[in-house]
Structure formats: C-alpha cells, structure tokens
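Quick check, what structure comes out for this input:
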Amino acid sequence: MHISEGVLTNGILIAGWAGTLTGISIGLKKTNPDKIVKTALVSSAFFLASLVNIKIGVSSTHLSLIAPTGLLLGYSTFPAVFTALLLQSLLFHFGGIFVLGANTFTMGFSALMTYIIFGKLIFNSNNRKTVAVISFFAGSLAVIFAAFLTGLILYFSDKNFINAVKILFLAHVPVALIEGLVTSFLILWLKKVSPEFLL
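Modelled structure (predicted):
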C-alpha cells in the first residue's frame, strides 16, 4: 500500500525515515552472507507481487506477500522491503522517494511483527492443519496491521483524510483474506518441499 508523494507532513516523513533506517540498520547487521541470496529472492517476489497496484485515493492496494516476507526473512525484512519499494518508485512511480521511508516502515514493520509473533508457532509445529491455520491468520493480520499503520500515518498528517482512511482499510479486508490463503499455501508448500528455506 503506497502512500502518494506530497501527502504527508514533514514530521511524519522524518519519523518514517527514522523508523525505516533503524530497521535497515538492524536488518543488515543480522543478515549473514549466506542469507543474501534468500533475501534477494524474497525481495524479488515482494516486488513482483506488488506490481498489480490499484489506486485508492491518496494510497493504493495490491498483493504484497507481507507475511511470507517477514516469516522467511525475519530481521532481514527491512532491507528487502526497502529495495523492492525503491525499485518500484524509480521504475513505476509507485509512491515516491520522499515518502519511501513511511511506505517501507508500514510494510517492513508489519512483516517483522508477523515473524516475531507467529514465526516460532509456525516453524516449530509439524501439524499441517495447525500450520495452515496460523499461517492464514499471520497473512491476514499482517495486511490489516499494515493498512492500520498506513491509515494512522495519513490521519496524523491530515485529519481530513479520515474518509480515505476508512475506504483504504475496508478495501484491504478482501486483500487480507487472499494474502492469508496465499501465505498458508506457501508456508505449507515450503515445509514440504524445501524446509531448509524456512528460518
């Protein structure tokens, strides 16, 4: 969900960049050399999933693979998300350079929280039904949380955006359900065919 350029206040822009640069710094420190290829691969998948972009007022909605990105990369999420969003901004004008910090933070923080909250529950379970259900909730809630963060950023930049925030949040409900299904399928598939790819 990309926030358009020229929408946010300077204070929100600075806060977004502060959060993103902190996340990138921590992510780079925790990214081992043998994990770089995996990070690049997941970042590419995130980039491609987000290309189907539907405009909603001052923001947009699209598939994103937020939860799988967080679950597969952990703390390496922020560098991966930042790289993908930077390329989308430069190549396709999704979002913008100034607002890149805020856009990266909403997606990166949501993905990271998914890993912290659901990671061990998913990876330590050998019950396929349990993994499927938890992965579904992880995928759905990651999108809802990202939409919530985006809404907060818009609201605190200008309270007149309240109607746009409501529409944005409602538009992401069906997206959240789809992301939940995609996350569930992807995690189950990886557990079966390539468990070493999981953290």
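
Residue 148 versus the closest residue to residue 161 other than its chain neighbours, what's the distance?
Nearest residue to residue 161, sequence neighbours excluded (C-beta to C-beta, 6 or more residues apart in numbering): residue 154, at 4.4 Å. For every residue, glycine as well, the C-beta is placed using N, CA and C. From residue 154 across to residue 148, the span is 11 Å (C-beta to C-beta, to the nearest Å).

more neighbours, the two?
Neighbours per residue, other C-beta atoms under 10 Å: of residue 154 and residue 148, the larger number sits with residue 154, 24 against 17.

Could you look up the SS state of the more buried one?
helix (DSSP: H, G, I helix; E, B strand; the rest coil).

So for it, what's the pLDDT?
Listed pLDDT for residue 154 reads 91.

My read is that it contacts residue 2, right?
No: contact criterion C-beta atoms under 8 Å: residue 154 and residue 2 do not qualify, at 11.9 Å.

And for residue 192, the neighbour number?
A count of neighbours around residue 192, defined by other C-beta under 10 Å, yields 9.

Distance of it relative to residue 41?
Relative to residue 41, residue 192 is positioned 18 Å away (C-beta to C-beta).

And for residue 148?
Counting by C-beta to C-beta, the gap between residue 148 and residue 41 amounts to 28 Å.
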